[in-house]
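J.: next come a sequence and a model predicted from it.
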Amino acid sequence: MRLPIVHHPDYQAPLHDGHTFPMSKYGYLRDVLVEQGLTGPETWLTPAPASEAMIARAHDPGYVARVFGADLTREEVRRIGYPHTERVTRRSRLACAGTLIAARFALETGIACNTAGGSHHARYEHGAGFCVFNDVAVAIRALQREGGLGPVAVIDCDVHQGDGTAAIFCGDPGVYTASLHASGNYPFDKEKSDLDIALPDGSGDADYRAALDTMLDRIGREGPFSMAFYNAGVDIHGDDRLGRLTLTEAGIRARDRRVLEWAQAQGLPLTCVLGGGYDRDRRRLATRHAIVFEEAQAALQRA
Ligand SMILES: [Zn+2]
């Protein structure tokens, strides 16, 4: 079975040269996935921008209206870290819709991947840390609204804590949030997820794997869940500019395979979102992001 992959060319919005955020990685990732035969313009699933009403089920309607109306305060823009342009708003809306499409396909096929998303620092009332809207939260609220959705797990393996996701779902019995991250990284004031595992600076493949096993075992005991979202950020790599861990590409592959096999073993539909990655070498960064797609396709073939 072909892995459902969601992509839109406008996931990449123009930013000025030298901006910290490696926006061109979305185009490079698409190119890598096409070269590998994992997707193409005829097969990738293309989202339409999420509506204001849909996003406002996961965020403060006033905040959402200010984003849509290009009316954010200077402080709100500073906290997000992107220029407040129409194209940035469009990509944020597309990423939300893309994660929702991926989730719908995951419920059908078992696994699906979005080539964007994982904007886990966006909170109910504001964006932060290169995240305008929390795409996973928007997708979960949309599915919950349709009814019939059982408990959901969010498995966040980006090197940064999923603080926005933790805050949005704090006290929500329908969503279990788990985050495996570096303790010394942004955000410096951590939120409380249902499960947090923080690794010390410099942790490598073996330490990471042990922590991941612990996390998955504990999530497994909290279930059963009707579906899970997996933030497959690759900023855990040793060369990453913003991460503080020292994983290798083999370590990232082992992580992705472990999460995929863990979900498959219990028949848990898994929606993979891209998450962070900040290598200066965009092409190398794209090959790192491609790993979860390769492993997801292989997992579907084994199923
Ligand atoms: Zn990150």
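T.: Yes, it's here. Residues are numbered from 1 along each chain as shown.
J.: okay, the residue of the stretch 151-300 of the chain found nearest the ion: pLDDT?
T.: As assessed by Cβ to the ion, the ion sits closest to Gly276 within the stretch 151-300 of the chain, at 2.7 Å. C-betas here are computed from N, CA, C, even on glycine. Gly276 is assigned 97 on the pLDDT scale.
J.: so it sits against Gly118, correct?
T.: Yes - with contact defined as Cβ atoms under 8 Å, Gly276 counts as touching Gly118 (7.0 Å).
J.: that older thread, contacting residues for the residue of the stretch 151-300 of the chain closest to the ion?
T.: Contacts for Gly276 (Cβ atoms under 8 Å, 6 or more residues apart in numbering) come out as Gly118, Phe130, Asp158, Val159, His160, Gly233, Val234, Asp235, Leu242, Gly243.
J.: in those residues, which residue is surrounded by the most others?
T.: Taking other Cβ atoms under 10 Å to define a neighbour, the member of the contacts of Gly276 with the most is Val234, carrying 30 neighbours.
J.: so which strand or helix has that residue?
T.: Assessed by DSSP states H and E, Val234 sits outside every helix and strand.
J.: need phi/psi at it.
T.: Main-chain torsions, Val234, degrees, to the nearest 10: phi -110, psi 20.
J.: surely Cys113 meets Val292?
T.: Yes - checked against Cβ under 8 Å, the pair Cys113 and Val292 is within contact range at 6.6 Å.
J.: overlap of the contact sets of those two?
T.: Counting by Cβ under 8 Å, 6+ apart, the shared contacts of Cys113 and Val292 are Cys272.
J.: for this structure, just list every one of the strands.
T.: Listed in chain order, the strands of the chain (DSSP state E) span 5-6, 111-114, 152-156, 175-182, 195-199, 227-231, 270-273.
J.: will you turn the ones you listed into JSON lines that also has distance to the ion?
T.: Converted to JSON lines, the strands of the chain look like this (distance: least, Cβ to the ion, whole Å):
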{"stretch": "strand 5-6", "distance to the ion": "20"}
{"stretch": "strand 111-114", "distance to the ion": "16"}
{"stretch": "strand 152-156", "distance to the ion": "9"}
{"stretch": "strand 175-182", "distance to the ion": "8"}
{"stretch": "strand 195-199", "distance to the ion": "13"}
{"stretch": "strand 227-231", "distance to the ion": "8"}
{"stretch": "strand 270-273", "distance to the ion": "12"}
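J.: can you add mean neighbour count and mean pLDDT and give these back as JSON lines?
T.: Formatted as JSON lines, these follow (neighbours: other Cβ atoms under 10 Å; pLDDT from 0 to 100):
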{"stretch": "strand 5-6", "mean neighbour count": "26", "mean pLDDT": "98"}
{"stretch": "strand 111-114", "mean neighbour count": "29", "mean pLDDT": "98"}
{"stretch": "strand 152-156", "mean neighbour count": "27", "mean pLDDT": "98"}
{"stretch": "strand 175-182", "mean neighbour count": "25", "mean pLDDT": "98"}
{"stretch": "strand 195-199", "mean neighbour count": "19", "mean pLDDT": "98"}
{"stretch": "strand 227-231", "mean neighbour count": "26", "mean pLDDT": "99"}
{"stretch": "strand 270-273", "mean neighbour count": "29", "mean pLDDT": "98"}
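J.: separation between Ala128 and the ion?
T.: Separation of Ala128 from the ion (Cβ to the ion, to the nearest Å): 12 Å.
J.: skipping its backbone neighbours, what lies nearest that residue in space?
T.: Closest residue to Ala128 apart from its sequence neighbours, by Cβ to Cβ, 6 or more residues apart in numbering: His121 at 4.3 Å.
J.: pretty sure the one you found sits against Pro187.
T.: Yes - between His121 and Pro187 a contact is recorded at 6.8 Å, counting by Cβ under 8 Å.
J.: give me the more crowded residue out of those two.
T.: Between His121 and Pro187, counted using other Cβ under 10 Å, His121 has the larger neighbour count: 28 against 15.
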